[in-house]
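A.B. asks: sequence-free structure coming up:
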């Protein structure tokens, strides 16, 4: 079978590999869709400390069960499934307390286990142990189901930040994650949602699809001043930084309302993780700043339900479909910002 293996930064190889067999407690699936994201770009360029190469990457996975290992119940050949990416251990102090997204022993598909840029893959016992295999609803296709994983992360972030009825929400970053944030904020009852990006082309492309109440190009205007103007100087109730930008995080503090909430959703580059933050603004204006990292198995289930119900449509966000042989092109397309969501179809 064909796989895409990461060996080193700048070295992802298309190779033939033996087709795997499901062992006890495992499932084997034929991968139908494995969508790409900015994390794949970062891995391709810089590697990752949790990846011991060579490793088949890809973690936004949907496919069809083709073999059921001994001891696995509830699944059969032909079942359509979506697989979680982040795998909590289920037994550490954080998991015991229900805080699965900050599991101290978390592992991940495409990092610790072989991922979805392959024709076939094994769903490890660790995934089934935490109920991390989800049945795809009949009205959801495989490509849409693969977007459940990033939507699950977005759901986690918005729940932490308390996005809800009547809120004015600013989403900074018009990539696929930003688009999902716009759509989910609407589904959660936000009154107005503004989308901000430096790249005019990407902003216009995404805004045409998700239709924010305002699309603000940070390369042409001061986004802080524009958000304040649009809110009669009050500021936004919630600001979500869905981009790897320290300036976006700093600007968030300047455009959020009194008692507002900020979600630092996008992580910063490892060599530049420090920002300047006005602590007095946080103190006197009673601003809350939240981190958001990954998703739990339950978030994945509920993300699939949001897609199936139509509350958060994702089909129109998938703007490029490519074969596995074009994996390098897919990753570079994500990096260029010329597509919203790119999916690989092995």
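C.D. replies: Yep, that arrived. Nothing here was measured: the structure is a model prediction, and the numbers come from that model.
A.B. asks: Need the contact partners of the helix-or-strand element of the chain with minimal mean pLDDT.
C.D. replies: Least confident helix or strand of the chain, by mean pLDDT, DSSP states H and E, is helix 38-46 with a mean of 92. Applying Cβ atoms under 8 Å, 6 or more residues apart in numbering, the external contacts of helix 38-46 come out as 6, 9-10, 12, 48, 51, 57-59, 175, 177, 244, 270, 331, 334-335. C-betas here are computed from N, CA, C, even on glycine.
A.B. asks: List only buried entries from those.
C.D. replies: 6, 12, 48, 51, 57-59, 175, 177, 244, 331, 334 (16 or more other Cβ atoms under 10 Å).
A.B. asks: May I see the residues you listed organised as JSON lines, with secondary structure added?
C.D. replies: Shown next, in JSON lines, are the buried ones among the contacts of helix 38-46 (DSSP: H, G, I helix; E, B strand; the rest coil):
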{"residue": "6", "secondary structure": "strand"}
{"residue": "12", "secondary structure": "strand"}
{"residue": "48", "secondary structure": "coil"}
{"residue": "51", "secondary structure": "coil"}
{"residue": "57", "secondary structure": "coil"}
{"residue": "58", "secondary structure": "coil"}
{"residue": "59", "secondary structure": "coil"}
{"residue": "175", "secondary structure": "coil"}
{"residue": "177", "secondary structure": "helix"}
{"residue": "244", "secondary structure": "coil"}
{"residue": "331", "secondary structure": "helix"}
{"residue": "334", "secondary structure": "helix"}
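A.B. asks: what's around residue 293, how many residues?
C.D. replies: 15 (other Cβ atoms under 10 Å).
A.B. asks: Could you find the closest non-adjacent residue to it?
C.D. replies: residue 101 (5.7 Å; Cβ to Cβ, 6 or more residues apart in numbering).
A.B. asks: Phi, psi for the one you found please.
C.D. replies: Dihedral angles of residue 101 (phi, psi; degrees, to the nearest 10) stand at phi -70, psi -20.
A.B. asks: how about it, what does it touch?
C.D. replies: Per Cβ under 8 Å, 6+ apart, neighbours of residue 101: 86, 88, 156, 293-296, 299.
A.B. asks: Just those residues: which are in strands?
C.D. replies: residue 86 (DSSP state E).
A.B. asks: Export the contacts of residue 101 as TSV, with columns for pLDDT and distance to residue 80.
C.D. replies: TSV is the format used below for these (pLDDT from 0 to 100; distance: Cβ to Cβ, whole Å):
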residue	pLDDT	distance to residue 80
86	97	21
88	97	24
156	98	24
293	90	28
294	93	24
295	97	20
296	97	22
299	98	19
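A.B. asks: which one of the contacts of helix 38-46 sits closest to residue 28?
C.D. replies: residue 58 (15.9 Å; Cβ to Cβ).
A.B. asks: follow-up on the earlier one: tell me the buried residues in the least confident helix or strand of the chain?
C.D. replies: Result for helix 38-46 [16+ other Cβ under 10 Å]: buried residues 38-44.
A.B. asks: now swap in stretch 118-126 and tell me
C.D. replies: Neighbour count says stretch 118-126 has 118, 120-124, 126 buried, by 16+ other Cβ under 10 Å.
A.B. asks: Can you show me the strands along the stretch 101-250 of the chain?
C.D. replies: Ranges of strands in the stretch 101-250 of the chain, per DSSP state E, counting those that start in this stretch, are 107-108, 120-123, 133-135, 168-172, 192-197, 214-217, 236-241.
A.B. asks: Of these, which is nearest residue 32?
C.D. replies: That would be strand 120-123 among the strands of the stretch 101-250 of the chain, by Cβ to Cβ, at 10.9 Å.
A.B. asks: Quick check, residue 28 in contact with residue 1.
C.D. replies: No. Using Cβ atoms under 8 Å, residue 28 is not in contact with residue 1, being 11.1 Å away.
A.B. asks: neighbour-wise, which of the two wins?
C.D. replies: Set residue 28 next to residue 1 and count neighbours by other Cβ under 10 Å: residue 28 wins out with 20 against 16.
A.B. asks: Is that one bridged to anything, and to what?
C.D. replies: residue 67, residue 122 (DSSP bridges).
A.B. asks: Against residue 84, how distant is it?
C.D. replies: 17 Å (Cβ to Cβ, to the nearest Å).
A.B. asks: now for the host helix or strand of residue 261, which elements pack on it?
C.D. replies: Per DSSP states H and E, residue 261 falls inside strand 256-264. If you count contacts as 3 or more Cβ pairs under 8 Å, 6 or more residues apart in numbering; DSSP states H and E, strand 256-264 packs onto helix 148-161, strand 236-241, helix 246-255, strand 288-291.
A.B. asks: do that again at 10 Å, thanks
C.D. replies: Where contact means 3 or more Cβ pairs under 10 Å, 6 or more residues apart in numbering; DSSP states H and E, strand 256-264 is packed against helix 148-161, strand 168-172, helix 223-230, strand 236-241, helix 246-255, helix 279-284, strand 288-291.
A.B. asks: That strand vs strand 236-241, what angle?
C.D. replies: 30 degrees (axes from the mean of the first three to the mean of the last three Cα atoms, to 10 degrees).
A.B. asks: Which parts of strand 256-264 count as buried, going by neighbours?
C.D. replies: Buried-residue list, strand 256-264, by 16+ other Cβ under 10 Å: 256-257, 260-264.
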